[in-house]
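Trainee: here is a sequence together with a model predicted from it:
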Amino acid sequence: ALDRVLSKLSLLAFDGRVEVRNCAVNTLFSCVVGLGDSLSPVQWRVCLSETLLGVLEEISSRGSESQNTGAVKSTTSGVNPDAQSNRYKVTVHHSRDSSIKQWATTQVLALRGLERVLRQFFPHLLLAAVSTKNAANDAENWLEESWIRILETAYSCAILTGGRDSLDLRVVGADLLVLCAQVSSKAGIAAANSPARVSTNMQVINGALRSVNPSKKEQSGETKDRKLSDDDAKASALHQARMFRMAFDYVEELGNNLEHQFIHDDEEGSAIYAESTLLQVMTKFSSSLAALYECCKDDEMSPPTLAAQREGASSDLESKLTHVVGVIMKTAIGDPSSKYLTQAQRACLEILQTMSLHGSFIAYEELGERAYCSINPTENASFGSEENVTASSVASETLQVECSKVVLELFSSDTTDYSTKLRVFDSILARAIESSIARYD
């Protein structure tokens, strides 16, 4: 019966009437979230790889088709205006007055629904992958194949260009990419101390959102562990490790893409700052990266020992996260003449500070480099006019001052290793000496 219900809802998710398909999408994912504990491994495989991802990909395809055909703006919700009488025309808000925007809204709902499923049932999916592998050898990679499809869909949304019409899709794409890395980390998403979200089996108690059956989820987790043999537990851990690495690679690629978008805008001669929608994506992305580090700081991104760091060793994932955070902090500039950091820059600064306090030399070094940075007009001809260079110098100086404050605060902290402090201080002095020599030459 459940399979038939999900099948009918998946068909309604493609309905031409926007209200019908949006309601069908919400109901579909709510059914899966509400009944996920009772699904068998085989049902989970069909549900994720065929039903949910099939719906998501078809909605994405319909949205792309509406963009390619250049759908004409309509004055009604999901109905052809030519087929209606003037008597029954209804004015629609500008955020939903075209089929492109309406399909984008449906796609956002589907991606948010998929977030709910992954957030609550990722351990169930791992167990289902191991169980179906034992039942049929040809099914051993279905979860990783579905994982790649999820990541590709999320990444394609996150790198969209355009104005406010694509903003929600870009934000939810970035959110989903980071969420995939969070849930597949060793510590899991619970390590990020995420706030409660509205879902099934929840109610408001004394003004706060609470789960009405927390013990049931804990019990299901214990049951999962008892079902796994040693071989299955190892297979599950390997699945999880590979899936985390795939998700993190896409997160890193998104950071690089945001940097290229910024450079592309500058090459076109525009002012040196991120346009408003790109800045909002960066702000949300940087906040998500902070939660990702909380999940991974003791495992995947744990810094090497102090002795190893003194020899120049660093964690591969830790270095990549530091690079992505540094890119966002450098490029997430709002008003180029502003004397204040943007929210994205502030979030990145806090991430690097947290990493430094946790023993990361490479994050501390990144702060040290940003603390002594300046824009040399002779080396930045691509910035355009002299006014752009001057404005960028103001933005750079603001970032430099704030990074200097954090570096000094870390210097006075007893939790930071003295050898790390000396190396960062030496790096800052070296940059200052090089700059002074170049100025006199």
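Mentor: Yep, that arrived.
Trainee: how near is residue 168 to residue 395?
Mentor: Computed as CB to CB, to the nearest Å, the residue 168 to residue 395 distance reads 28 Å. Backbone N, C-alpha and C define where each C-beta goes, glycine included.
Trainee: and the next element down the chain from whichever strand or helix holds residue 45?
Mentor: If you go by DSSP states H and E, residue 45 is part of helix 41-46. Per DSSP H and E, the first helix or strand lying C-terminal to helix 41-46 is helix 53-68.
Trainee: please name the nearest non-neighbouring residue to residue 145.
Mentor: Once flanking residues are discounted, residue 145 sits nearest to residue 49: 7.2 Å by CB to CB, 6 or more residues apart in numbering.
Trainee: and the helices in the stretch 251-400 of the chain, which stretches?
Mentor: In the stretch 251-400 of the chain, helices defined by DSSP state H, counting those that start in this stretch lie at 276-296, 306-310, 316-331, 343-357, 361-371, 386-411, listed in chain order.
Trainee: looking at the ones you listed, which one has the lowest mean pLDDT?
Mentor: Among the helices of the stretch 251-400 of the chain, helix 306-310 carries the lowest mean pLDDT, a mean of 58.
Trainee: picking up where we left off before, shouldn't the residue nearest to residue 145 be in contact with residue 147?
Mentor: No. The pair residue 49 / residue 147 is not scored as a contact, 9.9 Å apart, by CB atoms under 8 Å.
Trainee: pick out whichever of these two has more residues nearby.
Mentor: residue 147 (24 against 17; other CB atoms under 10 Å).
Trainee: for the more buried one, what are its contacts?
Mentor: 180, 243, 246-247 (CB atoms under 8 Å, 6 or more residues apart in numbering).
Trainee: could you list the low-confidence segments of the stretch 151-300 of the chain?
Mentor: Low-confidence regions of the stretch 151-300 of the chain, defined by pLDDT under 70, span residues 191-228, 262-274.
Trainee: tell me which stretches of it form strands.
Mentor: 202-205, 208-211 (DSSP state E, counting those that start in this stretch).
Trainee: re earlier: got the contact list for the helix holding residue 45?
Mentor: So helix 41-46 is in contact with 2-3, 121, 124-125, 127-129, 131-132, 135, 139, 142-143, going by CB under 8 Å, 6+ apart.
Trainee: now it: mean pLDDT?
Mentor: On average, helix 41-46 scores 91.
Trainee: list the buried ones in it?
Mentor: By 16 or more other CB atoms under 10 Å, the buried positions in helix 41-46 come out as 41, 43-46.
Trainee: mind checking which of residue 168 and residue 395 has more residues around it?
Mentor: residue 395 (24 against 19).
Trainee: will you turn the contacts of helix 41-46 into TSV that also has pLDDT?
Mentor: Output for the contacts of helix 41-46, formatted as TSV (pLDDT from 0 to 100):
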residue	pLDDT
2	81
3	83
121	94
124	91
125	92
127	88
128	88
129	87
131	80
132	73
135	52
139	45
142	90
143	91
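Trainee: out of the residues you listed, which is most surrounded?
Mentor: Using other CB under 10 Å as the neighbour test, these are led by residue 129, with 27 neighbours.
Trainee: from the contact counts, what lies against the helix or strand harbouring that one?
Mentor: Using DSSP H and E, the element containing residue 129 is helix 99-135. Packing partners of helix 99-135 (3 or more CB pairs under 8 Å, 6 or more residues apart in numbering; DSSP states H and E): helix 18-35, helix 41-46, helix 53-68, helix 142-158, helix 167-183, helix 214-227, helix 230-267.
Trainee: give the buried residues for it.
Mentor: For helix 99-135, the neighbour count (16+ other CB under 10 Å) marks 99-133 as buried.
Trainee: gap between the nearest residue to residue 176 once chain neighbours are set aside and residue 321?
Mentor: Once flanking residues are discounted, residue 176 sits nearest to residue 154: 4.0 Å by CB to CB, 6+ apart. As defined by CB to CB, residue 154 lies at a distance of 18 Å from residue 321.
Trainee: just residue 288 next, same as before
Mentor: Distance from residue 288 to residue 321, counting by CB to CB: 12 Å.
Trainee: swap in residue 162?
Mentor: 28 Å.
Trainee: compare these two (neighbour count), which wins?
Mentor: residue 321 (28 against 11).
Trainee: hang on, the more buried one packs against residue 295?
Mentor: No. Counting by CB under 8 Å, residue 321 does not reach residue 295; the two are 11.5 Å apart.
Trainee: the nearest residue to residue 117 once chain neighbours are set aside: neighbour count?
Mentor: Nearest non-adjacent residue to residue 117, counting by CB to CB, 6+ apart: residue 32, 5.7 Å away. For residue 32, the number of neighbouring residues by other CB under 10 Å comes to 25.
Trainee: so how far is residue 289 from residue 32?
Mentor: 28 Å.
Trainee: circling back to that earlier point, list the residues that contact the residue nearest to residue 176.
Mentor: Listed by CB under 8 Å, 6+ apart, the contact set of residue 154 reads 111, 172-174, 176-177, 180, 250.
Trainee: pull the contacting residues for residue 9.
Mentor: Neighbouring residues of residue 9 by CB under 8 Å, 6+ apart: 24, 27-28, 31.
Trainee: same check on residue 3?
Mentor: Residue 3 touches 43, 46, counting by CB under 8 Å, 6+ apart.
Trainee: gap between it and residue 155?
Mentor: Separation of residue 3 from residue 155 (CB to CB) stands at 30 Å.
Trainee: hang on, the earlier thing: mind putting the contacts of residue 154 into TSV with distance to residue 14?
Mentor: Below are the contacts of residue 154 laid out as TSV (distance: CB to CB, whole Å):
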residue	distance to residue 14
111	16
172	19
173	21
174	26
176	21
177	25
180	25
250	27
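Trainee: sorry, back to before: distance from the chain centre to the helix holding residue 45, please.
Mentor: 27 Å (CA atoms, centre = their mean, to the nearest Å).
Trainee: per-residue confidence at residue 374?
Mentor: Reported pLDDT for residue 374: 44.
Trainee: for the remainder of this discussion, apply numbering that starts at 16.
Mentor: Shifting the count to begin at 16 puts that one at residue 389.
Trainee: residues near residue 449, how many?
Mentor: Around residue 449 there are 11 other residues, counting by other CB under 10 Å.
Trainee: in which helix or strand does it reside?
Mentor: Assessed by DSSP H and E, residue 449 sits inside helix 433-455.
Trainee: how about that helix: buried residues?
Mentor: 435-436, 438-439, 442-443, 446.
Trainee: list the helices and strands that helix packs on?
Mentor: Using 3+ CB pairs under 8 Å, 6+ apart, the elements in contact with helix 433-455 are helix 321-325, helix 376-386, helix 401-426.
Trainee: let's see 7 Å
Mentor: helix 376-386 (3 or more CB pairs under 7 Å, 6 or more residues apart in numbering; DSSP states H and E).
Trainee: thank you, goodbye.
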